[in-house]
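Undergrad: quick one, fold the following:
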Amino acid sequence: MKKVSVLSLGCAKNLVHSENMMGILKERGYELCDDYSEAEVIIINTCGFINSAKEESINTILEMAQYKEDKCRALIVLGCMVQKYPEELAEGLPEVDLFLGTGSYLQIADILDGWQNKETEKIQVADKWLKEPEEVAPRIITTPKSYAYLRIAEGCDNNCTYCVIPQMQGPYRSRSIKSVVQEAESLVEQGISEIILVAQDTTYYGYDLAGKFLLSDLLKELDKIEGLKWIRILYAYPNNFDDELIETIASLDKVCKYLDIPLQHSANDILRRMNRRITTEEIKSLLTKLRQKMPQITLRSTFITGFPAESEEDFAHLLNFLEEMQIERVGVFPYSCEEGTAAALMPKQIPTEIAEQRAEELMERQYDIMYHCHEKRIGTKVLVKVDELSEDVPGLLLCRSQSEAPDVDPYILVYDNYTKQVGDMFVVEITALDEYDLIGVIVNGDESAQ
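TA: Below is the predicted model:
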């Protein structure tokens, strides 16, 4: 039983886990297979963050179960959803052969070998959380060769009242700086020019190791890697920014002047109910300080509408906050009532249709803000890299600058006769807009943009 297919659902951190499993399995002699109908083993890495993610995971499991009528002999489900609902899933999905929790991905080859020898229990969910290992796990990169995600920690200590992540992934556990740098160096040796740092909360990095935040120290070490072009920071919670971190981001050329800072709301009462431990005034002060220190910075955030007891006044506050702060990139989620969270027990639950209506209104308002921000970029020159060659439009390159993260942000569309390839970097002038995306024209011989 050697042919294995791996499906990854959910966040970028899940994708890294899936890439690690693929690398481990390949080293142990398993053959990775893209065709599910040919796979003897199908592994699904689930997400259980919100109800829609759980529904996607269940639907994917049922879809993959159909391949057991072909060559598939083992259907393995692991990850966040299993960690939270192991017994319920085992009872409801008899088609699945193994259920593994969030701590199992590094042992996937041993577990699969044991299953073939009939030595493995059907459900394996960790009841304790292990320290992050120093060794860099094998990995097969599945993103375009221009970038890769780099996981710097597991778990979370924030205990936001709406969130199940601490239940599924345990307390915050940082990797050592040495381990992260070693993996970054390995990625660069494979031709990766941009690494994207991910954790549940990147600004909390290192506190469990040293009693102080170490993201600034990590960035300084990563900046020394020869051949690395861009370092991008995602999921930087606003609570843990200090002047040293801001100065580090501003001063290091390789660190993208781009921050994904999940804020979730702007009204103080809602922030308090969410246990976000930050106020409206502190949020505005942070964003203002970042822009003063780095006028070219692009900010991204996420917000939740319809949180319990969110009044019309609270929602209006959020709309006004977006207008005032002009955050360039925004994602919005209607509140999802998750079993086992403090928020699920709160009074004044908002009807789903109202939460969804508010989310839609917020995104409509944000589209206008984003478009206005994009208009200001027309006529500017910017360094971009090619992420993809369009499969639909001949000669179209899908590019990003430091101001765009993959998967969640707009592209910079560049028309070229494919003289440029994935991973190439060059300067374009932004000349027009195409709804969400920008249009750029290659500026030959000009390397002045950053």
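Undergrad: next, the nearest residue to Asp409 once chain neighbours are set aside: phi, psi?
TA: Leaving aside its chain neighbours, Asp409 sits nearest to Arg329 (5.5 Å; criterion: CB to CB, 6 or more residues apart in numbering). Heads up, the C-betas are built off the backbone N, CA and C, glycines and all. Dihedral angles of Arg329 (phi, psi; degrees, to the nearest 10) stand at phi -130, psi 130.
Undergrad: you'd agree Arg329 is up against Ile297?
TA: No. Using CB atoms under 8 Å, Arg329 makes no contact with Ile297, being 11.5 Å away.
Undergrad: element containing Lys13, please.
TA: Lys13 belongs to helix 12-27 when assigned by DSSP states H and E.
Undergrad: rewinding a little: how much space between the residue nearest to Asp409 and Ile350?
TA: Distance check for Arg329 against Ile350: by CB to CB, to the nearest Å, it reads 25 Å.
Undergrad: try Glu88
TA: 26 Å.
Undergrad: what mean pLDDT would you report for the strand or helix carrying Pro166?
TA: If you go by DSSP H and E, Pro166 is part of helix 165-169. For helix 165-169, the mean pLDDT works out to 89.
Undergrad: next, the buried residues of that helix.
TA: Judged by neighbour count using 16 or more other CB atoms under 10 Å, the buried positions of helix 165-169 are Ile165, Pro166, Gln167, Met168, Gln169.
Undergrad: and stretch 325-334, by the same measure?
TA: Buried residues in stretch 325-334, defined by neighbour count with 16+ other CB under 10 Å: Met325, Ile327, Glu328, Arg329, Val330, Val332, Phe333, Pro334.
Undergrad: sort out for me which of those residues are in helices.
TA: Among the buried residues of stretch 325-334, the members falling in helices (DSSP state H) are Met325.
Undergrad: nearest to Ile152, of the buried residues of stretch 325-334?
TA: Proximity of the buried residues of stretch 325-334 to Ile152 (CB to CB) peaks at Arg329, which lies at 21.7 Å.
Undergrad: please parse the protein into its domains.
TA: 3-124, 147-375, 381-442 (automatic domain parsing).
Undergrad: can you give me the helices in the stretch 251-400 of the chain?
TA: Under the criterion DSSP state H, counting those that start in this stretch, helices of the stretch 251-400 of the chain are mapped to 268-274, 280-293, 312-325, 352-375.
Undergrad: where are the low-confidence patches of this protein?
TA: 1, 445-450 (pLDDT under 70).
Undergrad: pull the CA atoms of the helix holding Pro166 into PDB?
TA: What follows is helix 165-169, C-alpha atoms only, in PDB (Å, rounded to 0.1, in the frame of the first residue of the first chain):
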ATOM      1  CA  ILE A 165      -8.400  26.900  18.500                       C
ATOM      2  CA  PRO A 166      -6.900  26.500  22.100                       C
ATOM      3  CA  GLN A 167      -9.100  23.400  22.500                       C
ATOM      4  CA  MET A 168      -7.900  21.900  19.100                       C
ATOM      5  CA  GLN A 169      -4.300  23.000  19.100                       C
END
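Undergrad: what helices and strands are in contact with that helix?
TA: helix 80-84 (3 or more CB pairs under 8 Å, 6 or more residues apart in numbering; DSSP states H and E).
Undergrad: surely Pro238 is in contact with Gln264?
TA: No. With contact defined as CB under 8 Å, Pro238 does not count as touching Gln264 (9.6 Å).
Undergrad: overlap in contacts, these two.
TA: Counting by CB atoms under 8 Å, 6 or more residues apart in numbering, Pro238 and Gln264 have no common neighbour.
Undergrad: what's the burial count for Cys256?
TA: Neighbour count for Cys256, taken as other CB atoms under 10 Å: 23.
Undergrad: return the distance of it relative to Arg300.
TA: As judged by CB to CB, Cys256 and Arg300 stand 11 Å apart.
Undergrad: go on, Leu438?
TA: In terms of CB to CB, Leu438 sits 16 Å off from Arg300.
Undergrad: between these two, which one's more packed in?
TA: With neighbours defined as other CB under 10 Å, Leu438 and Arg300 compare such that Leu438 has more, 26 against 21.
Undergrad: check which helices and strands the helix holding Lys13 sits against.
TA: Helix 12-27 packs on strand 3-8, strand 31-32, strand 41-46, helix 108-116, strand 147-151, strand 194-198, going by 3+ CB pairs under 8 Å, 6+ apart.
Undergrad: looking at these, which is buried most?
TA: Among the helices and strands packed on helix 12-27, strand 41-46 has the highest mean neighbour count (mean count of other CB atoms under 10 Å), at a mean of 27.
Undergrad: let me know the next secondary structure element after that one.
TA: helix 51-65.
Undergrad: output that following helix as CSV - backbone C-alpha positions only.
TA: Output of helix 51-65 as CSV, limited to C-alpha atoms (Å, rounded to 0.1, in the frame of the first residue of the first chain):
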residue,chain,number,x,y,z
ASN,A,51,-19.2,25.8,11.1
SER,A,52,-18.7,26.4,7.4
ALA,A,53,-15.2,24.9,7.7
LYS,A,54,-16.6,21.8,9.5
GLU,A,55,-19.2,21.4,6.7
GLU,A,56,-16.5,21.5,4.1
SER,A,57,-14.5,18.9,6.0
ILE,A,58,-17.4,16.6,6.3
ASN,A,59,-18.4,16.9,2.6
THR,A,60,-14.8,16.3,1.6
ILE,A,61,-14.6,13.1,3.7
LEU,A,62,-17.8,11.8,2.2
GLU,A,63,-16.6,12.6,-1.3
MET,A,64,-13.3,10.8,-0.7
ALA,A,65,-15.0,7.8,0.9
